[in-house]
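Asker: Provided below are the primary sequence and the corresponding predicted coordinates.
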Amino acid sequence: MKPDLLLPASPIVRPDKDRFLNEENPFEGMMSRFDRAAELLDLEPGIYKVLRHPEKQIITSVPVMLDSGEVEVFTGIRVLYNTSRGPAKGGIRFDLNVSLDEVTALAAWMTWKCAVVNIPFGGAKGGVICDPLKMSIGELERLTRRYTTSIIQTLGPDSDVPAPDVNTNERVMAWIMDTYSMRVGHTVTSVVTGKPVEMGGSLGRREATGRGCMLVTKEALAHLGMPMKGTSVVIQGFGNVGSVAAQLLQKEGCKIIGISDRTGGFLNAKGIDVDDAIAYVQEHRSLEGYKKGDAVTNEQLLTTQVDVLLPAALENVITTKNAAQIKAKVICEGANGPTTAAADAILDAKGIFVIPDILANAGGVTVSYFEWVQDRGGYFWTEKRVNESLQEIMERSFHAVLDLSKQHKVNMRTAAYMLAISRVATVHRLRGIYA
Ligand code: NAD
């Protein structure tokens, strides 16, 4: 039986269906994938319209007293894309490239990501346009506290729960938690995730995204009949996600033949000792000058002959310009949005098995959910319990997406969007529109 429509039926008008897609605009890329999945799901027009719009976008001016005594005014953004399934969940980034379009796309991705792994959160994202590398710790603390105060009306364990993202970390989360707690008059640990373990953070959260990447790569290789042992892997980005994924994949028998960071990449066909490379980065703050491999550019690294490519740095690195040259059999998207929508078709035509970002890097938000559960329950899990629960959710989600992709003869990305959108749409049908 067709469920009741939220809004009167009318033909779906897809505003940008026949328009040239701006490959660099993440919101357009996200929407073109959403549209394809919505069409295959035969989504009713009312729900289609609702899910195409963010619920709330806040743009706020954030005045900060600099160390010099001058006042600078920064722009802060928080977008709640959809909260039908639960509190909004999503990171806060401090970066010069933050824009409303980007934050909205990232908030929508968080909505689909939480739905793919079936955790009871909606999606959000936030950011402040600034260059944190040029700011002192004191300036960053004042910026964080003023930004938190500017968006305080959305924040709360039941409404909007931030986490770290690009250029923010557990210290920033501690400031947000403290600012919120001072405003409400008591300590509320569950208002943010990705906090220090000493103040309500979860064991296993730091490694969760890389661990999730390892787990879904393992499932993908088993599905394709490829062994873990000896499978070659190239990883772009050697930060939290990339270095942990490299370490865990190596432990499972894979050979890491290439790594990179913002300073460039290194290839070594015999295999890179990941622990040694991590120690090098800890000492030198980047891979620059690393001696145990041949130096390559990030562009060369992406097109290396390899079994698994794991982009774990930035958005829009696999585009129409280089997709045809990619030689990997499997791509595991550790980063958010590393592949442009226009490049999807090229990868499909080459028969590359892509584990899409909203599935591949969902380990982080899954353990953030465990952190929120632990804070609210006031009872903290062992690392073993965290890792086992994460494994169960990642494996179950991978197979749910794979089954749907086989059933509808679509790629893993479209299947992941279909699964996510159908879960969000079901809740909208059940809840209806409050008027
Ligand atoms: P990070 O800051 O710890 O590491 C980023 C890495 O990318 C660094 O090694 C940096 O040098 C490298 N990098 C930056 N610019 C680069 C460039 N132009 N070319 C090559 N490498 C470059 O960040 P992270 O937490 O590891 O996040 C990486 C990606 O994963 C981001 O897209 C992020 O949104 C996504 N992600 C992270 C998490 C998480 O839990 N940390 C969860 C989901 C998704």
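Answerer: Okay, I see it. Since the structure is predicted, the reported quantities are computational estimates derived from the model, not experimental observations. Numbers count the residues shown, from 1 in each chain.
Asker: End to end on stretch 158-168, go ahead and measure it.
Answerer: Criterion Cα to Cα, to the nearest Å; first-to-last residue distance in stretch 158-168 is 22 Å.
Asker: hmm, who's touching it?
Answerer: Here stretch 158-168 makes contact (Cβ atoms under 8 Å, 6 or more residues apart in numbering) with 78, 80, 83, 87-95, 121, 124-127, 132-133, 151, 154-155, 170, 172-173, 176, 190-194, 364-365, 368, 372. All C-beta spots, glycine's among them, are computed from the backbone N, C-alpha and C.
Asker: same thing but 7 Å
Answerer: With contact meaning Cβ atoms under 7 Å, 6 or more residues apart in numbering, stretch 158-168 is reached by 80, 87-95, 124, 126, 132, 154, 170, 172-173, 176, 191-194, 368, 372.
Asker: Strands - which of these land there?
Answerer: Judged by DSSP state E, the subset of the contacts of stretch 158-168 located in strands is L80, A88, K89, G90, G91, I92, R93, F94, D95, A124, G126.
Asker: Let me see the confidence value for the last one.
Answerer: The predicted local confidence for G126 comes out at a pLDDT of 98.
Asker: what's the burial count for whichever residue of the chain sits closest to the ligand?
Answerer: Nearest residue of the chain to the ligand, counting by Cβ to the nearest ligand atom: G239, 1.8 Å away. Neighbourhood size, G239 [other Cβ atoms under 10 Å]: 16.
Asker: which of the ones in strands among the contacts of stretch 158-168 tops the neighbour count?
Answerer: Counting neighbours by other Cβ under 10 Å, A124 leads these with 34 neighbours.
Asker: Does it touch M110 like I think?
Answerer: Yes: with contact defined as Cβ atoms under 7 Å, A124 and M110 form a contacting pair (6.1 Å).
Asker: okay, and the common contacts of the two?
Answerer: Contacts common to A124 and M110, judged by Cβ under 7 Å, 6+ apart, are Y81, K89, G90.
Asker: For stretch 144-153, give me every contacting residue.
Answerer: 58, 60, 62-64, 76, 78, 126, 128, 172, 175-176, 179-180, 183.
Asker: Mind checking the pLDDT average for stretch 316-335?
Answerer: 97.
Asker: distance between the ends of it?
Answerer: One end of stretch 316-335 to the other measures 10 Å (Cα to Cα).
Asker: Just the buried positions in that stretch, please.
Answerer: Using 16 or more other Cβ atoms under 10 Å as the test for burial, stretch 316-335 gives 316-318, 323, 326, 328-335.
Asker: what do you get for stretch 137-144?
Answerer: Applying 16+ other Cβ under 10 Å to stretch 137-144 flags E139, L140, E141, R142, L143, T144 as buried.
Asker: Alpha carbons of it, as CSV, please.
Answerer: Only the C-alpha atoms of stretch 137-144 are listed here, as CSV (Å, rounded to 0.1, in the frame of the first residue of the first chain):
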residue,chain,number,x,y,z
ILE,A,137,45.3,29.1,21.6
GLY,A,138,43.7,32.0,23.5
GLU,A,139,42.2,33.4,20.3
LEU,A,140,40.9,29.9,19.3
GLU,A,141,39.3,29.5,22.7
ARG,A,142,37.5,32.9,22.5
LEU,A,143,36.4,32.1,19.0
THR,A,144,35.0,28.7,20.0
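Asker: still on that earlier bit, which ones, among the shared contacts of A124 and M110, also lie beside the ligand?
Answerer: The subset of those lying close to the ligand, counting by Cβ under 6 Å from any ligand atom, is empty.
Asker: T263 - nearest residue in space that isn't next to it in sequence?
Answerer: Nearest in space to T263, with sequence neighbours left out and distances taken as Cβ to Cβ, 6 or more residues apart in numbering, is E288 at 4.1 Å.
Asker: Kindly report the residues of the stretch 201-350 of the chain close to the ligand.
Answerer: 209, 236-242, 260-262, 298, 312-314, 334-336.
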